[in-house]
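> what follows is a predicted structure for the sequence shown.
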Amino acid sequence: MRTAIYTPLTLAALLAGCAQLENYKSSHEAAKPVSDEVISKQRQTLAENTDGKGYGPQSPRDINSRAGNNKRLFGRAPSYKNMNLCNIHFHKNAEHKGGKFTKYAGNGDGMGYNSGYQYVGSLAKREKQPVKQPICPSKHSSLNTGDTIEVHYVYSSAKVKPGPTLGACMNKTIKNPQLRVEAQVYVLVNNKSALDFTKLAHSSLRKGYYQALHIPKNMGKAIEYIGSTTGPGYNEKASPYQVSWSVRPKVAKVDINSVGHWCKGNIFNEDHAHGVRNLVTNPDLLSKIRR
């Protein structure tokens, strides 16, 4: 039976790591941060909407905490080296908390913007020099030196190629592929000697699989856990999609100008940063991280 949730466009919308809230108004960018009560209410609504319904573990989470009570299990996806890269996108501020990104950016607008977690390290004065041109601008915001981004390298067990939206992670022959996200947090610096994002996001075939060939390898041992897709569309409801996560605890410096160059044209049609989902703190919605 053909159902709507299996169409690429609908899947792309539901996999909210790449989705936007359609009713977001540009005036919210300058709005004052919402109160703690708003965030608490969203978490309460999420708990009420998931209570006893059998949803699997959710993301993002505090990777420094291994606790979790969710009993839903699913097979972990293979190593990304044996899967196909299908999408790359990034969020302004880290969705996950932990490692070198534990500074809370604030509640933001309550719909995913100006919230999340930031790099806790220091930058040299020259690295913080502002750039003259807008970097990856959108109606929500643009990027500035010193900003933190969390990049999601999304992999699929289906025979697919890298492409726009997370709909690229499935095809007509496999409607329920295994998904894996290799997550890396970066801090933006005004330094041409820093990492080049166009290289970090470059992909090509290797041993029969599409791969992002330049994900940093010295960012500490990745924290692996089972969770879900992310994005602010899931602040008050659970994601039904299963994802194997690998989140690196260290932060790499990337040249902000190279990020701006990538946003002007790439195979993923990504031109701006996405919003973040509230950190999931309800233990009933978290898996236990194996040591």
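Structure received.

> tally of neighbours for the closest residue to residue 98 other than its chain neighbours?
Computed as Cβ to Cβ, 6 or more residues apart in numbering, the closest residue to residue 98 that is not its neighbour in sequence is residue 63, at 3.6 Å. C-beta here means a position set from N, CA and C on the backbone, and glycine is covered the same way. The local packing of residue 63 (other Cβ atoms under 10 Å) involves 22 other residues.

> strands along the protein, start to end?
84-92, 103-104, 117-118, 148-156, 179-189, 203-206, 209-212, 223-228, 242-255 (DSSP state E).

> export the ones you listed to JSON lines and append columns for mean neighbour count and mean pLDDT.
Below are those laid out as JSON lines (neighbours: other Cβ atoms under 10 Å; pLDDT from 0 to 100):
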{"stretch": "strand 84-92", "mean neighbour count": "26", "mean pLDDT": "98"}
{"stretch": "strand 103-104", "mean neighbour count": "14", "mean pLDDT": "98"}
{"stretch": "strand 117-118", "mean neighbour count": "23", "mean pLDDT": "98"}
{"stretch": "strand 148-156", "mean neighbour count": "25", "mean pLDDT": "98"}
{"stretch": "strand 179-189", "mean neighbour count": "25", "mean pLDDT": "98"}
{"stretch": "strand 203-206", "mean neighbour count": "13", "mean pLDDT": "96"}
{"stretch": "strand 209-212", "mean neighbour count": "19", "mean pLDDT": "98"}
{"stretch": "strand 223-228", "mean neighbour count": "22", "mean pLDDT": "98"}
{"stretch": "strand 242-255", "mean neighbour count": "22", "mean pLDDT": "98"}
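
> which stretch among these comes nearest residue 272?
strand 84-92 (8.6 Å; Cβ to Cβ).

> how far does the closest one sit from the chain's center?
Mean-position distance between strand 84-92 and its chain equals 8 Å (Cα atoms, centre = their mean, to the nearest Å).

> send me it as CSV with only the CA atoms.
Provided in CSV are the C-alpha atoms of strand 84-92 (Å, rounded to 0.1, in the frame of the first residue of the first chain):
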residue,chain,number,x,y,z
ASN,A,84,26.0,6.1,1.6
LEU,A,85,26.2,9.8,2.5
CYS,A,86,22.9,11.3,1.6
ASN,A,87,22.7,14.8,3.1
ILE,A,88,24.8,17.4,4.9
HIS,A,89,23.2,20.3,6.8
PHE,A,90,23.9,22.3,9.9
HIS,A,91,22.3,24.0,12.8
LYS,A,92,23.2,27.3,14.3
